[in-house]
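[1] the amino acid sequence is not available; the structure is as follows:
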């Protein structure tokens, strides 16, 4: 893992029928290590992003404790008056996390 400031890693996501994230499973940074998997609702997750927390798409490397393969950073964007969660070159009016598996 790099020396970037990281507050959490998104492992998987669940979407509602409208294309909005309903839940995300994340590892949150706790001191020098990461938590077990934590479920966050859309509102909880967006609240963390609004307060300046840095989340990345990624997956844990098995048997290597707090070591992850990192993907793109996650952010929010205003699309047609709606706040959407995106990673990478997100486009459109829906949440877009292309490298995050569904659960």
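    Ah, there it is. Values in this document were obtained by computation on a predicted structure and should not be read as measured data. Numbering: from 1, shown residues only.
[2] pull up the pairing partners for the helix or strand harbouring residue 70, direction included.
    Here residue 70 is covered by strand 68-79, with elements defined by DSSP states H and E. Paired neighbours of strand 68-79 in the sheet (DSSP bridges): strand 55-60 (antiparallel), strand 82-87 (antiparallel).
[3] in that strand, what counts as buried?
    Neighbour counts over strand 68-79 (16 or more other Cβ atoms under 10 Å) mark 68, 71, 72, 74, 79 as buried. C-beta: built from backbone N, CA, C; applies to glycine.
[4] try stretch 51-63
    Neighbour-count burial for stretch 51-63 [16+ other Cβ under 10 Å]: 53, 55, 56, 57, 58, 59, 60.
[5] same question for stretch 27-43.
    Neighbour-count burial for stretch 27-43 flags 27, 28, 29, 34, 40, 42 (criterion: 16+ other Cβ under 10 Å).
[6] what does the pLDDT read for residue 75?
    On pLDDT, residue 75 comes in at 92.
[7] oh sorry, the question was meant for residue 97
    91.
[8] next one: residue 91
    pLDDT, residue 91: 67.
[9] ok, which stretches of the chain are strands?
    Taking DSSP state E, the strands of the chain run over residues 8-15, 21-30, 33-41, 55-60, 68-79, 82-87.
[10] adding distance to residue 97, write these out as a markdown table.
    Shown next, in a markdown table, are these (distance: least, Cβ to Cβ, whole Å):
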| stretch | distance to residue 97 |
| --- | --- |
| strand 8-15 | 6 |
| strand 21-30 | 7 |
| strand 33-41 | 13 |
| strand 55-60 | 6 |
| strand 68-79 | 7 |
| strand 82-87 | 5 |
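[11] looking at those strands, which is nearest to residue 102?
    Ranking those by their distance to residue 102 (criterion: Cβ to Cβ) puts strand 8-15 first, at 6.5 Å.
[12] and the angle from the closest one to strand 55-60?
    Taking axes from the mean of the first three to the mean of the last three Cα atoms, to 10 degrees, one finds strand 8-15 and strand 55-60 inclined to each other by 90 degrees.
[13] for strand 8-15, give the mean pLDDT please.
    Strand 8-15 comes out at a mean pLDDT of 97.
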